[in-house]
Each structure stands twice: as C-alpha cells, then as structure tokens.
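Novice: How does the following fold in three dimensions:
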Amino acid sequence: MTQEEVQASPLLEEELYRDLKAMARQRLRRSGPMTLLDTTALVHESWFRLSRRADWAAMGREHFMAYAATAMRSLVVDYARARQAAIRGGQATHLPFDELPTLAHRDEEYLALHEALTDLGRSDPGLARLVELRFFVGLEETECAELLGVARRTVQRDWQKARAVLWTLLTP
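Specialist: Just a heads-up that it's a prediction; the model follows:
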C-alpha cells in the first residue's frame, strides 16, 4: 500500500480497521475464557500501536498484517503479565476467587508461549511469523499462504514444524 493509495482512498483506513476487527474476533474466539479483553479493546489498542508508526501507510499488506499480528501478540502478552501481577497482589482485581487459578494458569501458558516464540524467532523468523499469523491473528492456511507468498502446502509443512519446535520448547 503506497502513500498515494492511502490518500486516494479515504475508505482504506476503514477497510484496514475492519480487517483488524476480523483478526481480533478470530483471535479472541480461539482463546475462549482466557481473556477479559474484548474485540473492540484489542482492535483499538492494536490500531493505536499501528497508527503511531509513521510508515504504516507505506506498508504492503503482508507487512501490515505481520505488524498487526505482532501488535496483537504484544497486547495479549502485556495483558497476561498485568493480570499475573494483579493476581500476585498488584492492583485490585474484580475476578471471582475461584477463577483466579484457571486464569493464572492460562496467563502462564501465554507467557511461556511468548518466550518460546521469541526463541523460535531467533532461530527461524519465518516460522515465528507464521505462528503469529495463525495463533495470534487467527488466519487460516490459505490466508497465510497468500500473505507470505508461498504455497498452501508450504504453510502446512511450516506449521507442523513450528508446532513441533514449540512443543519441544514448551515441554519440560
């Protein structure tokens, strides 16, 4: 997407916002009761982070989606960390007492995944990007293949490899 395209189409921002909202909806649907974040909050925070970048309008669709995936991942991880701090006696929380162990366990899983994904990114950035697109954004194989410019079968193989590597990193 070029600066001229952004200026020529006032609806482009609206279209990108809708894309982010769909991504967030898919992401939160897959996380179940893990998070108290809602779609609108995740989209607004992601959009805020994306719009602070001066070059966001010049990003291609692949770059924009990858950056959006990273922003959403970062938000979910930040949220999990904040909840962990609250559970440990930080800010007061309004969660029912019986939900705290479940939520704490879920947050710990997300933080462990974040660390494993960071390690994976050091050794194979392409696999880490695929995990972000699949897990944190909720894109399907065909959508990932299109964004990454590879065949669907390549995405399938890479997804299997990424899952195996993450399993190894996450299994004690």
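Novice: so what secondary structure elements neighbour the biggest helix by length in the chain?
Specialist: For the chain, the longest helix by residue count, based on DSSP state H, is helix 61-87. Under the contact criterion of 3 or more C-beta pairs under 8 Å, 6 or more residues apart in numbering; DSSP states H and E, helix 61-87 touches helix 11-31, helix 39-51, helix 100-123, helix 141-148. Where you see a C-beta, it was placed from the backbone N, CA and C, and this is true even at glycine.
Novice: any chance of the ones you listed in TSV, with mean pLDDT and distance to W159 too?
Specialist: Putting the helices and strands packed on helix 61-87 into TSV (pLDDT from 0 to 100; distance: least, C-beta to C-beta, whole Å) gives the following:
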stretch	mean pLDDT	distance to W159
helix 11-31	72	15
helix 39-51	77	23
helix 100-123	75	12
helix 141-148	90	7
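Novice: rewinding a little: and the longest helix of the chain, what's buried?
Specialist: By 16 or more other C-beta atoms under 10 Å, the buried positions in helix 61-87 come out as 64-73, 75-77, 79-80, 83-84, 86.
Novice: what's the answer for stretch 138-146, then?
Specialist: For stretch 138-146, by 16+ other C-beta under 10 Å, it's G138, L139, E141, E143, C144, A145, E146.
Novice: Export that stretch to PDB, keeping only CA atoms.
Specialist: Taking C-alpha atoms only, stretch 138-146 is exported to PDB below (Å, rounded to 0.1, in the frame of the first residue of the first chain):
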ATOM      1  CA  GLY A 138      -6.300 -16.500  13.600                       C
ATOM      2  CA  LEU A 139      -5.600 -16.600   9.900                       C
ATOM      3  CA  GLU A 140      -6.300 -19.800   8.000                       C
ATOM      4  CA  GLU A 141      -3.600 -21.700   6.000                       C
ATOM      5  CA  THR A 142      -4.800 -20.200   2.700                       C
ATOM      6  CA  GLU A 143      -4.700 -16.700   4.100                       C
ATOM      7  CA  CYS A 144      -1.200 -17.200   5.500                       C
ATOM      8  CA  ALA A 145       0.000 -18.600   2.200                       C
ATOM      9  CA  GLU A 146      -1.400 -15.600   0.300                       C
END
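Novice: which residues are in contact with stretch 60-77?
Specialist: 1, 16, 19-20, 23-24, 27, 31, 35, 37, 42, 45-46, 49-50, 53, 56, 59, 110-111, 114, 117, 129, 132-133, 136-137, 139, 147-149 (C-beta atoms under 8 Å, 6 or more residues apart in numbering).
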